[in-house]
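Student: test case, fold it:
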Amino acid sequence: AYDSDLNNEIISKFNLKIKKKDRIGIIGANGSGKTTLIKIIQRIILPTKGKIKTGENINIKYFDQNKEAIDLSLSPWTTLTSDGDYVNFLDQKIHVLSYLKMFLFDEKKSLQKNSALSGGEKVRLLLAKLFLNDHNFLILDEPTNDLDFYTLNILKNIIKKYDGTVLIISHDRYFLDNTIDKLLVFENNYKILKHEGNFSSYQRKFGLGKLKSKITNKPRKQSVSKSNNFIS
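Tutor: As a prediction, this is how the structure comes out:
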């Protein structure tokens with residue numbers, strides 16, 4: 001609940017245990033509380049009730065494409081490494097040019113100022129920078145917005161190789177089907193369903209009707225129910 005209306009709980013009776021290397025997707029209508037939940041997990045927002053317990057050695061990286069920024073005075077090369085020619089990617093030492101080629105940058109583009117990059121190129125550079133950070137818990141908030149097909153595939157393939165825990169908010173069924181194996185579903189009956197399976201398996205079992213109706217402006221209580229059967 002928010003301070004402005006402590007009697008109007010957005011999330012309640014909800015218990016979630018995230019284990020090492022879990023790959024969880026979050027789906028639901030806009031305004032249903034998805035981003036609020038991931039901010040509570042990170043303690044960006046503190047819950048008015050309940051507890052959050054964090055394991056030792058957890059290093060969270062939160063990626064919100066709409067709020068990330070790059071230094072326009074640098075080049076893609078110097079954005080990723082201020083000195084030297086190598087970066088560490090998934091515990092492997094790799095030449096910065098080879099790494100940038102994974103994100104569709106040729107040598108000439110790698111040395112140009114970031115101010116000359118297109119919008120799509122800036123997004124790819126942000127993603128390249130993301131996976132060089134030392135973290136073991138990756139939280140992505142709508143990472144596929146405005147991505148072209150090639151960049152989407154790059155992101156999907158790297159997440160599949162990522163050795164840590166992944167939590168992804170997305171409306172993209174194809175992307176979630178290829179990156180996660182559990183779902184938290186913010187349904188419009190104000191329940192959060194815990195589903196063992198990907199987006200398509202949820203859709204086959206339950207349909208998408210509970211995700212399509214409008215969210216009212218006034219938040220209401222959410223409780224949790226659980227899908228008991230794993231659907232591959």
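
Student: so what pairs up with the spatially most central residue of the chain in the strands?
Tutor: The centroid of the chain falls nearest to residue 140 when counting by C-alpha atoms, centre = their mean (1.5 Å). Beta-bridge pairing for residue 140 (DSSP bridges): residue 63, residue 168.

Student: wait, what's in contact with it?
Tutor: When contacts are counted by C-beta atoms under 8 Å, 6 or more residues apart in numbering, residue 140 touches 63, 166-170. Placement of C-beta: from N, CA and C, glycine included.

Student: all strands of this structure, in order?
Tutor: Remark: strands assigned in the chain by DSSP state E are 23-28, 60-64, 86-89, 92-95, 137-141, 165-169, 182-187, 191-196, 223-226.

Student: would you mind finding the most buried of the ones you listed?
Tutor: Among the strands of the chain, strand 23-28 has the highest mean neighbour count (mean count of other C-beta atoms under 10 Å), at a mean of 24.

Student: tell me the pLDDT at residue 225?
Tutor: Predicted confidence (pLDDT) for residue 225: 44.

Student: thinking again about what came up before, can I get the contacts of residue 140 in a markdown table with distance to residue 75 and pLDDT?
Tutor: Compiled in a markdown table, the contacts of residue 140 are given as follows (distance: C-beta to C-beta, whole Å; pLDDT from 0 to 100):
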| residue | distance to residue 75 | pLDDT |
| --- | --- | --- |
| 63 | 22 | 89 |
| 166 | 30 | 97 |
| 167 | 32 | 97 |
| 168 | 30 | 96 |
| 169 | 31 | 95 |
| 170 | 30 | 93 |
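
Student: need these in TSV (columns: distance to residue 182).
Tutor: Shown next, in TSV, are the contacts of residue 140 (distance: C-beta to C-beta, whole Å):
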residue	distance to residue 182
63	19
166	10
167	10
168	11
169	14
170	14
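
Student: hang on, the earlier thing: where among the strands of the chain is average confidence lowest?
Tutor: Of all the strands of the chain, strand 223-226 has the smallest average pLDDT, which comes to a mean of 45.

Student: point out where the protein drops to low pLDDT.
Tutor: 2, 189-190, 212-232 (pLDDT under 70).

Student: how near is the residue nearest to the centre of the chain to residue 62?
Tutor: For residue 140, the distance to residue 62 equals 8 Å [C-beta to C-beta, to the nearest Å].

Student: check residue 10 too.
Tutor: 19 Å.

Student: and the residue of the chain most remote from its centre, what is it in contact with?
Tutor: Within the chain, residue 108 marks the point farthest from the mean C-alpha position, 30.8 Å out by C-alpha atoms, centre = their mean. Residue 108 sits next to no residue when contact means C-beta under 8 Å, 6+ apart.
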